[in-house]
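coords please:
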Amino acid sequence: MLSGIQHFVYCPRQWALIHIEQVWEENRFTAEGQILHKQADDPFYRQKNGEFVSLRSVAISSKALGLYGFTDVVELRPSDKPENCIVHPSYPGYWKPYPVEYKRGHSKPDERDEVQLAAQVVCLEEMHGIRIDCGYLFYWETRRRDEVVVDERLRHLTQEYANEMHKVYNTGVVPKAVKTRKCSNCSLFDICLPDTKSKPLASNYLKKNLYEETS
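Below you'll find the model as predicted:
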């Protein structure tokens with residue numbers, strides 16, 4: 001899933017627990033994110049604001065990245081030239097598509113959001129045979145919309161992360177846990193890093209109970 005590349009950039013172990021082990025837990029941050037995306041996930045929603053057209057939950061994929069998924073929003077802007085444009089059955093003329101990704105919080109210290117957006121750009125380019133120079137990240141907490149230039153460096157970084165995702169997925173091996181400051185905000189914290197100090201080890205539990213049963 002294309003959405004998983006953001007998890008992979010944040011933490012390869014978190015991504016593997018979700019996409020290989022099929023483990024998931026909710027916390028406040030994931031719940032708020034689901035509420036935020038509720039309207040954006042409606043594939044039948046179409047909105048025209050002046051000259052712009054907003055398409056929501058657009059299915060996209062890329063053979064180069066080996067990823068598929070759905071956009072939050074693809075914003076169509078009119079153009080008088082066909083270069084790097086698409087046509088839409090409901091709206092005559094030529095349109096330049098720009099993906100817009102909605103995020104619950106604020107901009108991040110790493111490039112996980114930018115990589116996810118760049119992957120959407122690559123998908124749209126590959127599907128329509130066009131070139132898209134930028135996309136947008138909208139942060140709900142700050143009510144801020146940031147333009148992200150999808151340059152060659154970001155494209156290369158996105159391809160590298162996609163390649164690494166496939167390598168880990170093909171091995172089926174979940175990366176080892178490495179505790180950092182960001183772990184406390186992860187909904188999988190208790191599954192990934194259980195508190196072994198306050199809970200008995202499984203080996204001790206088995207020894208204790210087996211001893212009691214056989215004595």
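
what are the boundaries of the helices in this protein?
4-10, 12-19, 28-37, 112-128, 152-171, 189-192, 202-214 (DSSP state H).

ok, of those helices, where does mean pLDDT dip lowest?
Least confident of the helices of the chain, judged by mean pLDDT, is helix 28-37 with a mean of 50.

from Ile130, how far out is Pro82?
10 Å (Cβ to Cβ, to the nearest Å). (Each C-beta comes from the backbone N, C-alpha and C, glycine too.)

in this protein, where's the longest strand?
As assigned by DSSP state E, the longest strand anywhere in the chain is strand 91-103.

quick one: buried residues of that one?
Tyr94, Trp95, Lys96, Pro97, Tyr98, Pro99, Val100, Glu101, Tyr102, Lys103 (16 or more other Cβ atoms under 10 Å).

which pair in these spans the largest distance?
Across the buried residues of strand 91-103, the longest distance by Cβ to Cβ is 29.7 Å; it joins Tyr94 and Lys103.

run through the residues that contact the residue nearest to Lys81 when sequence neighbours are not counted.
In space, and not counting its chain neighbours, Lys81 is closest to Tyr94: 6.6 Å by Cβ to Cβ, 6 or more residues apart in numbering. Residues in contact with Tyr94 (Cβ atoms under 8 Å, 6 or more residues apart in numbering) are Pro78, Ser79, Asp80, Lys81, Pro82, Cys85, Ile86, Val87.

dump those into CSV; add neighbour count and pLDDT as well.
Shown next, in CSV, are the contacts of Tyr94 (neighbours: other Cβ atoms under 10 Å; pLDDT from 0 to 100):
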residue, neighbour count, pLDDT
Pro78, 15, 96
Ser79, 14, 96
Asp80, 7, 95
Lys81, 8, 95
Pro82, 11, 97
Cys85, 18, 98
Ile86, 17, 97
Val87, 11, 95
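
closest to Cys186 out of the residues you listed?
Nearest to Cys186 among the contacts of Tyr94: Ile86, at 37.7 Å, using Cβ to Cβ.

any idea what the closest one is bridged to?
Following DSSP bridges, Ile86 is listed with bridge partners Trp95.

what's near enough to touch it?
Ile86 sits in contact with Leu76, Tyr94, Trp95, Lys96, Pro97, His128, Ile130, where contact means Cβ under 8 Å, 6+ apart.

ok, it to Val149 distance?
Relative to Val149, and taking Cβ to Cβ, Ile86 is found at 20 Å.
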